[in-house]
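> I'd like to go over a predicted model; first the sequence, then the structure.
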Amino acid sequence: MLAADAAFLGFARALRAAGVDAGAERLHSFLRAVDTLRPGMRSDVYWAGRLTLCGSRDDLERYERVFAAYFGSGGSFGRPRHTTPPPGLRLVVRDAPPGTRTPRDGEQQVPPTAALASSTEVLRHRDVAALDEAERAQLRRLLAAFTLPGQARRTARRRPARRGDVDPHRTVREMLRRGGEPARLRRHERAERPRRVVLLVDVSGSMAPYADALLRFAHAAVRGQRTEVFTIGTRLTRVTRELSHRDPDLAMAAVAGAVPDWRGGTRLGELLREFLNRWGQRGMARGAVVVVLSDGWERGDPELLAAQMRRLHRLAHRVIWANPRKARPGYAPLAAGMAAALPSVDAFVEGHSLAALERLAAVVRGAPVETGVLGGKGADGA
Amino acid sequence: MDSPEQVRARLEETGYLVDDGLAIACFLALRLHRPIFCEGDAGVGKTALASALAEALDAPLVRLQCYEGIDASQALYDWDFPRQLLHLRAAEAAGVTDAERLESELYDRRFLIARPLLQALQTQPSVLLVDEIDRADDEFEAFLLELLSEFSVTIPELGTLRAEVPPVVVLTSNRTREVHDALKRRCLYHWFDHPGFARELAIVRRRLPAVSARLAEQVTALVQALREQDLLKPPGVAETIDWAQALDALGANEVDAELAVATLGSVLKYREDAERARGLDLAAVLAARGA
């Protein structure tokens, strides 16, 4: 029994190495579950582990991979091979949407022409792409102070208030306290809560000069509770959890580890579809403020991007597109992807400097956009 | 029930077909008193599992539907203020002057309204379904975690109520939001996949015994083919059953491509999906299933 337990512990360690959060409590349940079932049976151990050690659908693929590598894919069970599988080995691919999971490597995109820096004023207005190292450090400190609450919406909850409807519960309680004498009427009104904010950060090659600053912006935003962050490039990665480290540098390191597609190409349309299928339509984008931080350089079919943007626009409360290149003199939304997306965008803003990001935060909070409103509601054609 | 096979047999008697993983999950849930955390697309039988378990265990099903802003007074218990007030008035009219006794009477069990969670603790045995936990707020999750680890509730005025036999708990989530890890750690995690052809056909036959075998087979084949398409909302088993039922209601014993397209509305709920399906060669799918 001891030897078997040691094997199971080793298995849990291999799982942790593969990125499954199989902590002590989960391990304890695993051992109890195996004990309840038949420890010698391969399928029982498989299911006991899958039920207790995994916590999300993303874990399942890793679990299958590690299980096959650790216990071997064939019958005998006693002598596990103590090797963690090499990363990238994929024995089982579970219902990956066709073509969306394979990153096209080597799709390095050279950042287009160097910035014609509009650097006349203070750091606040400087283009992030044109800063030197010391200025970047200062910018990081400034970015850390950001918050990003979404626009307020009314909730189903009510809270005590001076005016509003009569609150029977509190009124009756008040009467009880006075032995049933009619007392003052207590009132309540609808509470307000900020909407969820979803940030989609483009980390492709053409956005490389801005990616760090934008992710730090996202990090500051995640501390406000209802914010979700995804990176898009050649694949879609949810980095909300990685960004929840309190320390910005640790968070950035965690994101760097989790995102496999830095500085690759961009497949905005396809990834937006994946986002909507897996997360957005189920509820994450519903009634939310969705911010796309991208330059709109689309390598795929702009028609697909246009269709997905229309879908997003129908689900979300507001779609905001922040494009760092918008601030360049003489900018026109000519990139195929940008032009395709704009009809479904409620607010089109810049995102190249601290001041622009402050502006973006204000728009997310619900401030009107005075210039550069393009398209907006209406032009959907859907 | 002593083994996963027995659990499976009992569940199948109720008309709910389970695979190995789910049978083991249910068995472990009963043995280790752990909640089952069910995730998967809509319409794959997450909620139905709870009612099947309730039937198999011959226990009442207590359902808590979560929504944004749900709190303890809606999920756990509440005091019946109007009745307390009436009691107070009646006592006053009868000339009761012992204030202390009166007060202790006010917070008596009979003035307690048990909401689903408390009901589940008080009813033994019972099956508790916490539906769509992802819709509730984080605070509620923390509250639920506390309840699910102890299976007891402390009511300040009454003391601690504990379930001697903890209820069987089924949590479902549609993944609109990531549920907190601490809660998931307490649970057995099961992902519901869409069933394969044979199992789905068996489910349809079991749920709709009146529908002709041929129609059930054809409808299942069509749904399986639709699921392979890149749809906005792939149909679940619930939709397969709906479709078969709809066709049966039309008096059909078998289905051709034309009839399938005409009744597509019972299985696909998005215009884009329906258009895509119309572009498919449904006749070929039916032909592949054998004439």
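Nice, I can see it. Numbering: from 1, shown residues only, chains lettered A, B, ... in the order given.
> neighbours around the closest residue to A:Asp127 other than its chain neighbours, how many?
In this structure, A:Asp127 finds its nearest non-sequential neighbour in A:His352, 4.9 Å apart by Cβ to Cβ, 6 or more residues apart in numbering or on different chains. Just so you know, the C-beta spots here come from the backbone N, C-alpha and C atoms, and that holds for glycine as well. Per other Cβ atoms under 10 Å in any protein chain shown, the neighbour tally for A:His352 reads 26.
> swap in A:His28?
Neighbours of A:His28 (other Cβ under 10 Å): 12.
> got it, and A:Arg153?
Quick note: A:Arg153 (other Cβ under 10 Å) scores 16 neighbours.
> Helix, strand, or coil at it?
Under DSSP: H, G, I helix; E, B strand; the rest coil, A:Arg153 falls in the strand class.
> Where does residue 6 sit, in terms of helix or strand?
The chain I'm using is chain A. Element membership for A:Ala6, per DSSP states H and E: helix A:2-17.
> Correction: the question concerned chain B.
Secondary structure assignment for B:Gln6, by DSSP H and E: helix B:4-13.
> average pLDDT across that helix?
The average of the pLDDT scores along helix B:4-13 is 93.
> That helix packs against which elements?
Identification of packing neighbours for helix B:4-13 by 3 or more Cβ pairs under 8 Å, 6 or more residues apart in numbering or on different chains; DSSP states H and E yields helix B:20-32, helix B:46-57.
> Mind checking these for the one nearest to chain A?
Ranking those by distance to chain A, with Cβ to the nearest Cβ as the measure, places helix B:20-32 first at 4.2 Å.
> The closest one near chain A anywhere?
Yes. For helix B:20-32, a contact with chain A is found by Cβ under 8 Å from any Cβ of the partner chain, at B:20-21, B:24-25, B:27-28, B:31-32.
> out of those, who has the most neighbours?
B:Ala25 (30 neighbours).
> residues contacting that residue?
A:47, A:51, B:36, B:188, B:190 (Cβ atoms under 8 Å, 6 or more residues apart in numbering or on different chains).
> Got the domain ranges for chain B?
Chain B breaks down by automatic domain parsing into domains covering B:4-70+B:117-192, B:78-109, B:197-288.
> Which of the ones you listed comes out lowest on mean pLDDT?
Mean pLDDT per stretch puts domain B:78-109 lowest among the domains of chain B, at a mean of 84.
> What lies in contact with the helix holding B:Gln6?
A:37, A:44, B:1, B:17-18, B:20, B:23-24, B:26-27, B:30, B:52-53, B:56.
> again, only this time at 10 Å
A:36-38, A:43-44, A:47, B:1, B:3, B:16-31, B:49, B:52-53, B:55-58, B:202, B:206 (Cβ atoms under 10 Å, 6 or more residues apart in numbering or on different chains).
> Mind checking which of these are buried?
A:36-37, A:44, A:47, B:1, B:16-18, B:21-31, B:49, B:52-53, B:55-57 (16 or more other Cβ atoms under 10 Å in any protein chain shown).
> if we can go back for a sec, and the helix holding B:Gln6, which residues are buried?
Of the residues in helix B:4-13, B:4, B:7-8, B:10-12 count as buried by neighbour count, 16+ other Cβ under 10 Å.
> Where does pLDDT dip in the stretch 1-150 of chain A?
A:1-2, A:73-126, A:128-131, A:142, A:144-146 (pLDDT under 70).
> Up against chain B, what does it have?
Residues of the stretch 1-150 of chain A found near chain B (Cβ under 10 Å from any Cβ of the partner chain) are A:21-26, A:28-29, A:32-38, A:43-44, A:46-48, A:50-57, A:59-60, A:94-95, A:97-100.
> Apply 6 Å and report the result again.
Proximity of the stretch 1-150 of chain A to chain B, by Cβ under 6 Å from any Cβ of the partner chain, involves residues A:25-26, A:32-33, A:36, A:47, A:51, A:54-55, A:57, A:60.
> Determine which two of those are furthest apart.
A:Thr36 and A:Arg57 (24.7 Å; Cβ to Cβ).
> Could you report the neighbour count for the residue in chain B positioned nearest to chain A?
Residue nearest to chain A within chain B: B:Thr176 (2.7 Å; Cβ to the nearest Cβ). Using other Cβ under 10 Å, B:Thr176 has 17 neighbouring residues.
> B:Leu183 too?
Using other Cβ under 10 Å, the number of residues around B:Leu183 comes to 21.
> Report the buried residues of the helix or strand where B:Glu200 lies.
Secondary structure from DSSP H and E places B:Glu200 in helix B:197-207. By 16+ other Cβ under 10 Å, the buried positions in helix B:197-207 come out as B:200-201, B:203-205, B:207.
> and what of stretch A:231-251?
A:231-239, A:242-243, A:245, A:248, A:251.
> For A:Ala367, state which of those residues is nearest.
So of the buried residues of stretch A:231-251, ranked by how close each gets to A:Ala367 (Cβ to Cβ), first place is A:Leu243, at 24.4 Å.
> Would you check that the closest one makes contact with A:Ala220?
No. Counting by Cβ atoms under 6 Å, A:Leu243 stays clear of A:Ala220, with 9.3 Å between them.
> ok, which stretches of the stretch 101-250 of chain A are helices?
In the stretch 101-250 of chain A, helices defined by DSSP state H, counting those that start in this stretch lie at A:133-143, A:168-177, A:208-222, A:248-258, listed in chain order.
> which helices and strands sit right next to the longest one?
In terms of contact count using 3 or more Cβ pairs under 6 Å, 6 or more residues apart in numbering or on different chains; DSSP states H and E, helix A:208-222 is assigned the packing partners helix A:133-143, strand A:197-202, helix A:248-258.
> Most tightly packed of these?
Among the helices and strands packed on helix A:208-222, ranked by average contacts under mean count of other Cβ atoms under 10 Å in any protein chain shown, first place goes to strand A:197-202 (a mean of 26).
> Next, the angle helix A:248-258 makes with it.
60 degrees (axes from the mean of the first three to the mean of the last three Cα atoms, to 10 degrees).
> Would you give the sheet partners of strand A:197-202, along with the direction of each?
Each strand paired with strand A:197-202, and its direction, by DSSP bridges: strand A:227-232 (parallel), strand A:289-293 (parallel).
> Dump those strands to a markdown table, plus mean pLDDT.
Below are these laid out as a markdown table (pLDDT from 0 to 100):
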| stretch | mean pLDDT |
| --- | --- |
| strand A:227-232 | 90 |
| strand A:289-293 | 92 |
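> Good, we can wrap up now.
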